[in-house]
Structures are given as structure tokens and as C-alpha cells.
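1. Build the 3D model from these lines:
(2 chains)
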There are 2 protein chains.
Amino acid sequence: MKLHSYWRSSAAYRVRIALHLKQLGFETIPVHLLRDGGQQHHIDFQQRNPSELVPVFEDDDVMLNQSLAIIEYLDETYPAPALLPKASLARAHVRAMALDIACDIHPLNNLRVLQYLTGPLALTEQQKLAWIQHWLAVGFTALEQRLALSAGQYCYGDSVSLADICLVPQVYNALRFNVSLQPYPNISRIYQHCQQLAAFVLAAPEQQPDAER
Amino acid sequence: MKLHSYWRSSAAYRVRIALHLKQLGFETIPVHLLRDGGQQHHIDFQQRNPSELVPVFEDDDVMLNQSLAIIEYLDETYPAPALLPKASLARAHVRAMALDIACDIHPLNNLRVLQYLTGPLALTEQQKLAWIQHWLAVGFTALEQRLALSAGQYCYGDSVSLADICLVPQVYNALRFNVSLQPYPNISRIYQHCQQLAAFVLAAPEQQPDAER
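-> Purely as a prediction, here's the structure:
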């Protein structure tokens, strides 16, 4: 198994957590999103994923993009430990929280969007930071309210799930942009709790072969 | 069953298509995203969905947000017709295409983002339109390349799936913002083909009780 990944990509980070939770060995193929005009735009990567985004998961003739699709595929193919509850309604709640992050927060603060803000739109660094912090605050405020009802030790009860897999990289991203977790006690608590699992530690950006100081 | 919906919301449109494909009767509860400062921000809606976004699906004690989570729930609960293929790898490809739209295109052109562009960032209408058209072009270019490999009559072979359910509202949105489909023959062809199914016609924005001229 190979994962085309960038150490700081939230979406690649999600898949790394899932692979480690399932104890699946994989090779990291680094794709540097900033170097050489962005290696994700190079022809050999573009042929793997026309969207020119990481991650891409490769396993023999399997070639998949989109972190959540990859993780659901892994969960169907290697069922233990399960990353979604068994009951349909519970699965839906977990998927909804994962999508609250993957659709409503992360895409707005993705590298290509920030590049558009400071490139064609000529925003200042301060305006860019305000944009990032705005969407994190909107998203985390809603998620915190939801977690007050659903969370146990993890986002949904006491089992680690797809929702935690999405939450931790998003919190990592928030901390990087100086967003305080003080208004979000549930998010903060779950983030800390996840860090006690080896899979989350091994998947962290700083542990990756392409990590930079 | 109740769907809290806005006629022009792409995400609500997706769930409407799924409900009609499965021939499930539902009541539309209109949530006007522009009137009264945005009815999605009102307390009674906020209690249903802290994210203050449509759609919300309600059925007795079931209350769900996130269109893709709702549709997967419907697909697990009311299996016919199936909206995902049976084989895991095929399911993953369909989910990935759905997410190519739901994560990489739609969130960037959502109402609240456009409001931030013209509000706090004080962009002109022309800059806003360029932003919309940019992300549609980036997303559709990648999707067109993918469809060249996967499509039959629909996005994935000859069965309607979650990918088509996401594609059609996104194309509706693109046409509204004067994006030509001429560079995207597969997208255009699949869009036309879907319009021959009653479920897609019944789910269209103009057919909704809250549609405006």
C-alpha cells in the first residue's frame, strides 16, 4: 500500500490515522505541495488524481482519491477496528460530524484557497488569517454544540470513529493558525484523548518522512 | 418525513433527488436563507442544526444534517434502488466523485462564503463571479477527466448513483452563474440524461413549494 501524502495536509493526515488504527503497513510517497510550483500539479501525479490534491491511496490496481472515500473503503475491506458504528442512525451521526469538518471547515482553509486569496484577490496576510479563523470559529462553535450531546471519550460515545479522524487534523490546523481551543472544551478534551492513541501519534505531521522543521 | 430545505440549495436538492428516487413521500419545510436575516440562523432551526445550514432531515426522533450522511442513511434504511454499487472499490469511486463535488466545489461557492466575499472582504460583483467560475472550472475540469474513464449513461457506468445526485445540482448552480458546459461533454451529457428521470425533475429548484420567479 502506498499513500501519496504531504505531511501538513489535513486530508492525508486523516487517512494516515485510519491506516495506523487498522495497523496496515504503508509506504509514504511525499508530494510537496509548495515546491517546484506544487508537485501535485505535475503530470505523473495528475494522472493519479486529476483533482491535483493529496491524498491518493494506491494498492496494486486500486487508485483512490478523497480521504473519506478512502477511509470508508479501508473500513469495508479491513473491518477491524470499525471506524463507523453498526446501527444506521449512529453511522449517519458520525458521518455527519465528519462531513461538518470535511465539507464545512477544511475546504475553505485549504492551501489552494489561501493561495487564491493572497494571489488573485491580493488579500493581506492579516485578512487571510481573519478568513481562516472565521471559518474555524463558525465550524468549531457548531461542532462543540453537537459534541455536548454525542460525545463520550470520543466524538461519538466511547469508540474512536471517522469523526475523530477528521477532528484531530482540523484541530492541528487550528492550533497552527493560533485559534484558541478555550471556547471549545469538548473539542479540546477529545483532541487530547486521541493523542493517547498510538495511531494518532504515528500519523501526526511531525512524524512523517517529509516533515520540515 | 420532513425535509428542511431551500429551493436553490444544492445540498437540499441532492437529498430531494434521493428521496424521489426511492419514492419516499416527504413534507418540505422551507427555510429562507436570505429573508429575515436568514431563517437558518433562527433559534428554532439552530436547535435542529447548530451548523445553521440546510438541509435537515427529520423523521420521528431522527434528526440529521449533512446531505451525504442523510443520503447514505436513506440508502441503508431503504435499499431500493441502491444509490451505491455493491462492490467496495466501486462504492469508493462513486463516493470519491460525490466528494469531489461536495468537498472541493460546492463549499467554496456556498451562500455564506459569497456573503463573506462581498461583506467583510468587500469584493466587487465581478470578483465574486470570477471566484465562483474559477472553482467550478477547476472542479469540472478534474471531474470531466475522471468521467472519461468511469461514465456510462451516468457518472459511474449505467446506474444512477450518489455521484449523479451530487453532479446535477452542481451543474444547475454552474448554469445559474453562466458557466458554459461546452468544455465538459461528459458532464453535459450525464446532466441531460438525468433530466429524463422523474426524480430529478421533481427535485428541481423550480418545482419546490418555496420557489421564486
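2. what about the residue lying farthest from the centre of chain A, which helix or strand?
-> Outermost residue of chain A with respect to the C-alpha centroid, by Cα atoms, centre = their mean, is A:Ala122; its distance is 27.4 Å. Per DSSP states H and E, A:Ala122 falls between elements, in no helix or strand.
3. quick one: it from A:Tyr116, how far?
-> Distance, A:Ala122 to A:Tyr116, by Cβ to Cβ, to the nearest Å: 10 Å. In this view, the C-beta of every residue, glycine as well, is placed from N, C-alpha and C.
4. now the closest residue to A:Trp135 other than its chain neighbours, what's its secondary structure?
-> Counting by Cβ to Cβ, 6 or more residues apart in numbering or on different chains, A:Trp135 lies nearest to A:Leu108, which is 4.4 Å off, once chain neighbours are set aside. Classification of A:Leu108 using DSSP: H, G, I helix; E, B strand; the rest coil returns helix.
5. any idea how chain A splits into domains?
-> As given by automatic domain parsing, the domain ranges for chain A are A:2-80+A:200-207, A:88-197.
6. Would you agree A:Ala90 falls within a helix?
-> Yes: assessed with three-state DSSP, A:Ala90 lies in a helix.
7. So it is in contact with A:Tyr156, correct?
-> Yes: under the criterion of Cβ atoms under 8 Å, A:Ala90 makes contact with A:Tyr156 at 6.9 Å.
8. the more surrounded of those two?
-> Neighbour count, other Cβ atoms under 10 Å in any protein chain shown: between A:Ala90 and A:Tyr156, A:Tyr156 has more, with 25 against 16.
9. doesn't A:Ala92 make contact with the more buried one?
-> No: with contact defined as Cβ under 8 Å, A:Tyr156 and A:Ala92 do not form a contacting pair (10.6 Å).
10. same for the longest helix anywhere in chain A, what does it pack against?
-> Determined from DSSP state H, the single longest helix within chain A is helix A:125-150. Secondary structure elements in contact with helix A:125-150, counted by 3 or more Cβ pairs under 8 Å, 6 or more residues apart in numbering or on different chains; DSSP states H and E, are helix A:88-102, helix A:111-118, helix A:162-176, helix A:185-194, helix B:111-118.
11. quick one: contacts for A:Glu206?
-> By Cβ atoms under 8 Å, 6 or more residues apart in numbering or on different chains, the contact set of A:Glu206 is A:Trp7.
12. just A:Glu125 next, same as before
-> Per Cβ under 8 Å, 6+ apart, neighbours of A:Glu125: A:Thr118.
13. For A:Ile187, see how far away it is.
-> Counting by Cβ to Cβ, the gap from A:Glu125 to A:Ile187 is 26 Å.
14. Same check on A:Asp158?
-> Relative to A:Ile187, and taking Cβ to Cβ, A:Asp158 is found at 17 Å.
15. what about these two, which has more around it?
-> A count of neighbours by other Cβ under 10 Å puts A:Ile187 above the other of A:Asp158 and A:Ile187, at 22 against 9.
16. Report pLDDT for the more buried one.
-> Listed pLDDT for A:Ile187 reads 98.
17. right, and it touches A:Gln145 too?
-> No: assessed by Cβ under 8 Å, A:Ile187 is found out of contact with A:Gln145, at 10.7 Å.
18. Just give the nearest non-adjacent residue to A:Arg91, would you?
-> A:Leu84 (4.8 Å).
19. Hmm, A:Leu162 and the one you found touching each other?
-> Yes: using Cβ under 8 Å, A:Leu84 makes contact with A:Leu162 at a distance of 5.9 Å.
20. Identify the contacts common to those two.
-> A:72, A:75, A:94-95.
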